[in-house]
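Output the structure for:
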Amino acid sequence: MTSSLTTYQADYAVVGSGVAGLRAAIELSSAGSVLVLAKSNLSDSATAWAQGGIAVALSDEDEIGLHEQDTLNAGDGLCRPESVALLVEQGPKYITQLIEWGTEFDRAGTKLAFTREAAHSRSRILHAHGDSTGREISRALLARAHKIPHLHLRAHSFTTSLILEDGRVVGVRFIDETDGSLHEVRALAVLLATGGLGQIYRETTNPEVATGDGMAIAYEAGAVLSDMEFVQFHPTALAIQGAPRFLLSEALRGEGGILRNILLERFMKRYAEAQELAPRDVVARAIVSEMHRTNAQHVYLDMTAKSAEFLQKRFPRIYSTCLSYGLDLATDMAPVCPAAHYMMGGVKTDLWGHTSIPGLYAAGETADTGVHGANRLASNSLLEGLVFGARSGQAMIADRDQHSDKGQKGAHNAKFKASALPGSPAPKPDSHSHDGTSAHAASATHSNSSANSSANSSASSRSAVAHSAKLAAATASRSAATHAAKSPAAVSAAVASSASHSTKSPAAVSAAPDNSLITPAAAPALAQIRDLMWRHVGIMRSGKELSAAIAFLENMKLPLSEHPGRHDYELANLHTLASLMARSALAREEARGSHYRSDFPYRDDDLFQKHSRIQRSKDVTFEL
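Below is the predicted model:
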């Protein structure tokens with residue numbers, strides 16, 4: 001890595017190319033030059049991987065007030081009411097705008113098609129191409145950005161830190177991963193929209209880029225983070241040996257999917273009146289309890305009441321991915337287990353994306369707007385990124401006049417030329433020749449090929465089968481008898497262990513880091529952190545385990561690199577955030593939403609109907 005530092009100037013800098021970052025960048029482009037930094041491919045974000053859909057009260061049977069109440073109920077007493085009201089009230093406007101920009105949501109005839117998911121009282125979930133909603137929204141936003149010449153995007157640029165002067169953020173530093181060179185961008189304002197931190201856990205549905213970088217660098221700069229104890233664990237991630245923890249959307253259960261234990265018993269009625277449609281935290285804990293009760297490593301998601309034709313049309317990506325592992329959802333039950341999915345907490349912001357540091361804004365999963373409270377309502381995350389991404393952009397523009405001549409010595413009175421930005425205009429999203437190419441396009445092609453090659457397979461009877469990666473090569477002659485011969489012991493033996501994530505299928509979305517890109521010294525430390533967090537700061541928590549995790553992290557020595565690169569910084573970021581999460585979880589002595597304490601198993605509104613708050617060199621505190 002070279003030691004020289006190249007400096008650029010932009011009116012606005014956005015870190016992250018998901019829905020929040022792109023929507024903010026489009027908004028900002030009306031007032032100046034914008035540079036969007038993405039640490040991987042432009043399409044490699046949680047947005048592009050989102051299957052479940054986007055919630056909005058636009059159907060004839062729905063009301064904004066009902067969406068608001070459902071969100072508040074899911075948040076278990078910790079949503080900020082003003083944030084929720086803003087989300088549901090402005091959501092229809094921004095969804096309509098997306099449609100005007102060319103987003104192709106699924107329709108029933110000429111009308112938008114709405115589906116229902118867990119904890120929603122109405123059918124209000126919009127999908128695109130079945131289970132590729134996030135990818136379609138990303139495509140539409142990139143298409144819009146492509147028309148803006150002074151909006152530049154730069155892939156493979158890993159942001160390492162914020163630049164502060166006189167207590168104000170005035171830019172970011174980043175590494176160009178293609179050659180290891182160091183750069184900095186000076187800007188009027190910086191927006192962090194780097195997504196979540198799912199890779200802090202051994203089991204996660206998140207892409208490998210989800211390492212919480214925005215939260216970590218904001219914390220190191222002195223920003224306030226809040227609600228870091230609240231992590232949502234998706235109940236149903238594919239649990240097959242050799243497969244990543246591919247998310248099996250909640251919409252599957254919304255379409256009638258049933259959860260069964262390894263004895264094939266339907267068990268959710270023992271845990272919640274809503275059964276499979278209960279909130280995610282309830283379903284995830286129920287699955288873990290059932291796994292413990294039956295001494296199993298997974299349960300089953302049973303979709304066999306649905307035809308292959310229905311599943312292929314409604315869930316094309318999920319169906320083809322499962323087929324690539326020899327699993328036909330129309331005839332086979334899918335082994336599933338919970339996995340880390342979404343961070344409700346993050347960098348604390350107000351309703352306009354302002355953080356506690358002037359010049360710094362945050363949006364999307366990186367931010368804690370208070371919308372999700374202790375438990376996110378399904379399909380609200382894309383809507384939050386869209387609404388609050390746009391609002392953050394508006395605030396950054398509105399604040400410009402107030403701050404342009406403060407601390408900058410008049411340098412920002414004029415707009416900077418886009419030609420000087422270290423990137424290029426947004427590529428056409430349907431092109432396969434640029435960094436913005438969706439990684440999923442190739443996967444979908446491969447998956448469809450796999451689906452076609454399996455079309456003549458004889459139908460398998462409903463079975464409790466262990467579908468290992470070897471079954472991806474199963475021939476058309478596989479029979480029901482082969483599946484029926486499998487015992488529960490054989491089923492459990494084929495379920496993925498924590499060490500099996502490095503095997504990847506080109507047809508599946510990989511949620512595990514590519515260890516070939518991690519330095520040899522960093523890999524063991526990363527594995528330690530991920531395993532520790534899963535065991536001690538996961539779905540079930542206790543004060544004893546949390547204290548042990550904190551002590552381990554405090555005594556942990558990270559490997560040093562003479563020339564640190566992306567993965568060295570990611571490791572440091574995850575280590576920092578792991579400590580913050582464990583400390584916040586230990587301080588909250590109650591069970592609420594996704595945070596469950598076995599030693600404090602009840603909700604305590606008197607002491608803890610408040611938001612946790614943590615800042616560098618300070619203890620965890622709570623505030624309304």
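
which residues of the stretch 451-600 of the chain score low on pLDDT?
Low-confidence segments of the stretch 451-600 of the chain (pLDDT under 70): 451-520.

Where do the strands of it begin and end?
Along the stretch 451-600 of the chain, counting by DSSP state E, counting those that start in this stretch, no stretch forms strands.

Just the helices from it, written as ranges.
Listed in chain order, the helices of the stretch 451-600 of the chain (DSSP state H, counting those that start in this stretch) span 480-484, 488-494, 522-536, 543-555, 566-587.

ok, now the stretch 201-350 of the chain?
213-220, 250-254, 280-293, 308-314, 316-324.

which one of these has the lowest average pLDDT?
Mean pLDDT per stretch puts helix 250-254 lowest among these, at a mean of 88.

who touches it?
Helix 250-254 is contacted from outside by 51-53, 115-118, 125, 127, 131, 234-236, 259, 276-277, 280, 301, 303, 314-315, 318, 378, using Cβ atoms under 8 Å, 6 or more residues apart in numbering. From N, CA and C alone the C-beta is placed, and that goes for glycine too.

Now, those residues that are in strands?
Among the contacts of helix 250-254, DSSP state E puts T115, I125, H234, P235, T236, L259, L301 in strands.

Which two of the residues you listed have the greatest separation?
I125 and L259 (19.8 Å; Cβ to Cβ).

Would you work out how far apart the start and end of stretch 339-353 are?
Stretch 339-353 stretches 29 Å from its first residue to its last (Cα to Cα, to the nearest Å).

same check, this time on stretch 365-384
8 Å.

What are the buried residues along stretch 65-80?
For stretch 65-80, burial by neighbour count (16 or more other Cβ atoms under 10 Å) applies to 66-68, 70-76, 78-80.

show me what contacts the nearest residue to I148 once chain neighbours are set aside?
With Cβ to Cβ, 6 or more residues apart in numbering as the measure, S29 is the residue that lies nearest to I148, at 4.6 Å, once sequence neighbours are left out. With contacts defined as Cβ under 8 Å, 6+ apart, S29 is in contact with A145, I148, H150, L151.

how about those residues in CSV, adding distance to E136, neighbour count and secondary structure?
Output for the contacts of S29, formatted as CSV (distance: Cβ to Cβ, whole Å; neighbours: other Cβ atoms under 10 Å; DSSP: H, G, I helix; E, B strand; the rest coil):
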residue, distance to E136, neighbour count, secondary structure
A145, 15, 25, helix
I148, 20, 17, coil
H150, 26, 19, coil
L151, 20, 26, strand
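
for those, which one is nearest L191?
Distances from L191 to those, taken as Cβ to Cβ, are shortest for L151 (13.1 Å).

was I right about D106 contacting G130?
Yes - with contact defined as Cβ atoms under 8 Å, D106 reaches G130; the gap is 7.0 Å.

Tell me the spacing between the residue nearest to I148 and I397.
As judged by Cβ to Cβ, to the nearest Å, S29 and I397 stand 10 Å apart.

Contact partners for the closest residue to Q275 other than its chain neighbours?
Excluding its sequence neighbours, the residue lying closest to Q275 (Cβ to Cβ, 6+ apart) is M268, at 4.0 Å. Counting by Cβ under 8 Å, 6+ apart, M268 touches L259, Q275, E276, A278, V283, A286.

ok, M268 to L560 distance?
49 Å.

now swap in G543 and tell me
Going from G543 to L560 by Cβ to Cβ gives 33 Å.

These two: which is more packed in?
It is G543, of G543 and L560, that has more neighbours when counted by other Cβ atoms under 10 Å, with 14 against 8.

Name all residues that make contact with that one.
Per Cβ under 8 Å, 6+ apart, neighbours of G543: L586, E589, R597, D599, F600.

So what's the residue count around the closest residue to the first one other than its chain neighbours?
Counting by Cβ to Cβ, 6+ apart, L546 is the residue found nearest to L586 once chain neighbours are left out, at 4.2 Å. The burial metric for L546, expressed as a neighbour count using other Cβ under 10 Å, is 23.

Does L546 touch G538 like I think?
No - using Cβ under 8 Å, L546 makes no contact with G538, being 10.6 Å away.

so where's the stretch 101-250 of the chain shaky on pLDDT?
Low-confidence segments of the stretch 101-250 of the chain, defined by pLDDT under 70: none present.

OK, contacts around R616?
Contacts of R616 (Cβ under 8 Å, 6+ apart): Y219, E220, G222.

What distance do you get for the last one to A362?
As judged by Cβ to Cβ, G222 and A362 stand 14 Å apart.

So between those two, which is more surrounded?
A count of neighbours by other Cβ under 10 Å puts A362 above the other of G222 and A362, at 32 against 18.

For that one, give me the backbone phi and psi.
phi -150, psi 150 (degrees, to the nearest 10).

Write down the beta-bridge partners of it, one by one.
Beta-bridge partners of A362, counted by DSSP bridges, are L192.

quick one: it and R124, what's the gap?
From A362 across to R124, the span is 27 Å (Cβ to Cβ).

How about R173?
For R173, the distance to R124 - Cβ to Cβ - is 42 Å.

Fine, thanks again, bye for now.
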